[in-house]
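Peer 1: Sequence and predicted structure below; questions after.
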Amino acid sequence: MKESLENKFDFEKITFAQIRELLNIVISSQKRDISYLREKYERTAINFSDTTTFLEEASLIIRSGNDLSFEKNGEHDIADIKLKKLIIEALFKSSKKSLFEFHEYIENFIESDDGYIFYPTLETNLNTSGLRNLLIQLGLIEYKSSSRIYIFNNNWNSFLEKRHQKLSARNLAAILKNQENLGTRAEEAVISYEQKILSLFPELLPKINHVALNDVGAGYDILSARPIDGGGYEERFIEVKAVSADKDFYWSINEVTVAKALGNKYYLYLLPVLGNGVFDFENLVIISDPHMNLFQQENARKMEAVSYHVSPNNEYLLSKRAD
């Protein structure tokens, strides 16, 4: 019975370790039957169909009927460095639609004084996470956490030089504008969230103010309020961070200073962004007095200086998740 493999794959399910495992099995096995190769592969690895289809689309393995063979006959042992080189070359050479995502991603790298770099928006980073992770594993790109940029391996610069232009102030402005737009959308989403929370207290709705639209140096984005026992209200100074699933974010020195001054009136809203650009309010994390409860608590975060790169502790986040 002929086993079918769909002509598509998911980069989220592709890793270098899986590629290496499958190719080693194909190269070393005398039997070429797909069902046999699958059974042998799945003893130690996962995602056989996606990995196989990826290698077919990259023309590294060839399918003939119900058999698979390695494109380079005679190879018996491929070192990791050589294998990574073969994969990268195959990706650049391929013009198949299934690998268009690779070419589209590479086009984002722009020449700068530090080489070819890419400074993605959070939304783009989420949408391309599978491909990005594979390219990091292959050594084609490297992530610099201190500046949140991806740097292209200069050994492969010749593939980019003819189709990229020098980074200009205009290019950089466009990149920063995209990030600003995502941040503004997150702030607007939180304003809607606050309006919903205060819908039972209509007298407090006018207290909601999108401060960041008029004062970017305020150290917070939104002014809101909450009712207090016995009447009246207390102000809530909200700094919104659109974050990925790991909740990492950058906290400026100005924001830290304002948070310290405002104490328990200052709140961090960590709002996850889903791959389709939708904000995930079910996993919204609200941290009150973050200077005390996050910044000064080493078990709740790790940081990198200049702008503070904050990675809150997962157990701490779960305890602060919004209802």
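Peer 2: Cool, the structure landed.

Peer 1: By average pLDDT, which secondary structure element in the protein comes out worst?
Peer 2: strand 308-310 (a mean of 61; mean pLDDT, DSSP states H and E).

Peer 1: any idea which helix or strand comes after the strand or helix carrying Ser35?
Peer 2: Counting by DSSP states H and E, the element that carries Ser35 is helix 34-41. Following helix 34-41 in sequence order, the next helix or strand is helix 48-57 (DSSP H and E).

Peer 1: which residues are contacting that next one?
Peer 2: Taking contacts as Cβ atoms under 8 Å, 6 or more residues apart in numbering, the residues outside helix 48-57 that touch it are 5-10, 13-14, 18-19, 22-23, 34, 38, 41-42, 45, 61-63, 68, 94, 96, 98-99. The way it works is simple: take the backbone N, C-alpha and C, and place the C-beta from them, glycine included.

Peer 1: re earlier: averaged pLDDT, the helix holding Ser35. What do you get?
Peer 2: Averaging pLDDT along helix 34-41 yields 94.

Peer 1: and what of stretch 295-302?
Peer 2: Mean per-residue pLDDT for stretch 295-302: 68.

Peer 1: do stretch 217-226 as well
Peer 2: Model confidence over stretch 217-226 averages 94 on the pLDDT scale.

Peer 1: If you count neighbours, what's buried in it?
Peer 2: 218-225 (16 or more other Cβ atoms under 10 Å).

Peer 1: Let me know the closest of the residues you listed to Lys260.
Peer 2: Checking the buried residues of stretch 217-226 against Lys260 with Cβ to Cβ, the nearest one is Gly219 at 9.8 Å.

Peer 1: pretty sure that closest one contacts Trp251?
Peer 2: No - under the criterion of Cβ atoms under 8 Å, Gly219 makes no contact with Trp251, lying 10.3 Å away.

Peer 1: which residues of the stretch 101-250 of the chain fall in strands?
Peer 2: Under the criterion DSSP state E, counting those that start in this stretch, strands of the stretch 101-250 of the chain are mapped to 110-112, 115-118, 141-144, 149-152, 222-227, 233-243, 249-251.

Peer 1: The second one packs against which elements?
Peer 2: It stands for strand 115-118. Applying 3 or more Cβ pairs under 8 Å, 6 or more residues apart in numbering; DSSP states H and E, one finds that strand 115-118 makes contact with strand 110-112, strand 149-152.

Peer 1: How about the first one?
Peer 2: For strand 110-112, the packing partners by 3+ Cβ pairs under 8 Å, 6+ apart come out as strand 115-118.

Peer 1: Name every strand pairing with the strand it packs on and say which way it goes.
Peer 2: Partner strands for strand 115-118, per DSSP bridges, with pairing direction: strand 110-112 (antiparallel), strand 149-152 (antiparallel).

Peer 1: rewinding a little: mind listing which of the contacts of helix 48-57 are in helices?
Peer 2: Using DSSP state H, the members of the contacts of helix 48-57 that fall in helices are 18-19, 22-23, 34, 38, 41.

Peer 1: will you turn these into JSON lines that also has distance to Trp156?
Peer 2: Listed next are the ones in helices among the contacts of helix 48-57 as JSON lines, based on distance: Cβ to Cβ, whole Å:
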{"residue": "Gln18", "distance to Trp156": "22"}
{"residue": "Ile19", "distance to Trp156": "18"}
{"residue": "Leu22", "distance to Trp156": "24"}
{"residue": "Leu23", "distance to Trp156": "21"}
{"residue": "Ile34", "distance to Trp156": "32"}
{"residue": "Arg38", "distance to Trp156": "33"}
{"residue": "Tyr41", "distance to Trp156": "29"}
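
Peer 1: tell me which of those is nearest to Tyr269?
Peer 2: Gln18 (37.9 Å).

Peer 1: moving C-terminal of the least confident helix or strand of the chain, what's the next helix or strand?
Peer 2: helix 314-320.

Peer 1: Centre of the chain to that following helix, how far?
Peer 2: Using Cα atoms, centre = their mean, to the nearest Å, the mean C-alpha position of helix 314-320 is found 21 Å from that of the whole chain.

Peer 1: got the CA positions of that helix in CSV?
Peer 2: Below are the C-alpha coordinates for helix 314-320, written out as CSV (Å, rounded to 0.1, in the frame of the first residue of the first chain):
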residue,chain,number,x,y,z
ASN,A,314,6.4,31.8,35.7
GLU,A,315,5.0,30.8,39.1
TYR,A,316,4.9,34.5,40.1
LEU,A,317,3.1,35.3,36.8
LEU,A,318,0.5,32.6,37.3
SER,A,319,-0.3,34.0,40.8
LYS,A,320,-0.9,37.5,39.3
